[in-house]
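*Asks:* The sequence isn't on hand, but the structure is:
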């Protein structure tokens, strides 16, 4: 049967989601845990990669197994062998046509930052912006330029693979006290894309660059590159969106 899992992890001590030689990865830790449950090696397929230091509360992966375990019991079985910085909180059987990556219809990322007094317990999960109070209204207005379908070549890294045409459906910018939260919802995001978009909005919020500056970069379709990449610790993959028919 094919099992779909939703997993949360603290990305602080990981090199990222994907297995890398001689580095700690989320994928490898989960595969090792499943092997302890089943007694055989298994490959899991994630909805996408997250980079070093990036967190997730709604990452999705799937795997196939012949092990006689009730679909909803995989959660408990795998968690028993996982380290404390990874936890699966949902498991279910899905059709064999389901694929964690290729069946995904959209993703939601959240970026959290603080422009107030440094809070030590937040240092791995909230980016501490130390320079000046940000203008969240300017950030909210500037975010509108990224809505819709665009070629985001100037705001991502493609490594020469595939195109950078993506659709962003929603960007919200909210403030509560010293904390600003940005939520990005769209069809998909290339590597570093959310961090570069966030970096651009931070520059606008700090009144260091104008919205027109970043509109010009967007319009260049890779001719010019955004050089303002937000730090990884504020970023979390919040949700992966699927059609209802592609879940159990």
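*Replies:* Received it, and whenever you're ready, just let me know what you need. All of these numbers come straight from a predicted model, not from anything done at the bench.
*Asks:* elements contacting the lowest-mean-pLDDT helix or strand in the chain?
*Replies:* When the helices and strands of the chain are scored by mean pLDDT, DSSP states H and E, strand 127-128 comes last with a mean of 94. Other elements packing on strand 127-128 under the criterion 3 or more C-beta pairs under 8 Å, 6 or more residues apart in numbering; DSSP states H and E are strand 104-114. The way it works is simple: take the backbone N, C-alpha and C, and place the C-beta from them, glycine included.
*Asks:* Give me the pLDDT value at the closest residue to residue 67 other than its chain neighbours.
*Replies:* Leaving aside its chain neighbours, residue 67 sits nearest to residue 38 (4.7 Å; criterion: C-beta to C-beta, 6 or more residues apart in numbering). pLDDT, residue 38: 95.
*Asks:* Does residue 149 fall in a helix, a strand, or a coil region?
*Replies:* Assigned with DSSP: H, G, I helix; E, B strand; the rest coil, residue 149 falls in the strand class.
*Asks:* quick one: contacts for the closest residue to it other than its chain neighbours?
*Replies:* Excluding the flanking residues, the one nearest residue 149 by C-beta to C-beta, 6+ apart is residue 167, at 4.3 Å. By C-beta atoms under 8 Å, 6 or more residues apart in numbering, the contact list for residue 167 reads 148-149, 186-187.
*Asks:* can you tell me which of these lies nearest to residue 87?
*Replies:* Of all the contacts of residue 167, residue 186 has the smallest distance to residue 87: 26.2 Å, by C-beta to C-beta.
*Asks:* beta partners of the closest residue to that closest one other than its chain neighbours?
*Replies:* Of all residues not flanking residue 186 in the chain, residue 168 sits nearest, at 3.9 Å (C-beta to C-beta, 6+ apart). Beta-bridge pairing for residue 168 (DSSP bridges): residue 148, residue 186.
*Asks:* Tell me the spacing between residue 168 and residue 227.
*Replies:* Between residue 168 and residue 227 the computed distance is 20 Å (C-beta to C-beta, to the nearest Å).
*Asks:* more crowded one of the two?
*Replies:* Shown here are residue 168 and residue 227; by other C-beta atoms under 10 Å, residue 168 has more neighbours (22 against 10).
*Asks:* Now for that one: which residues touch it?
*Replies:* 146-148, 150, 184-187.
*Asks:* one more time with 10 Å, if that's ok
*Replies:* 106, 143, 146-150, 152, 184-189, 193-194, 197 (C-beta atoms under 10 Å, 6 or more residues apart in numbering).
*Asks:* got it, and residue 162?
*Replies:* Per C-beta under 10 Å, 6+ apart, neighbours of residue 162: residue 190.
*Asks:* Provide the secondary structure category for the residue of the chain most remote from its centre.
*Replies:* Within the chain, the residue lying farthest from the chain centre (C-alpha atoms, centre = their mean) is residue 68, at 32.1 Å. Here residue 68 is recorded as coil under three-state DSSP.
*Asks:* Please report the distance of it from residue 74.
*Replies:* From residue 68 to residue 74 the distance is 11 Å (C-beta to C-beta).
*Asks:* which residues are in contact with both of the two?
*Replies:* Common neighbours of residue 68 and residue 74 (criterion: C-beta under 10 Å, 6+ apart): residue 1.
*Asks:* in what helix or strand does residue 56 lie?
*Replies:* Per DSSP states H and E, residue 56 falls inside strand 55-64.
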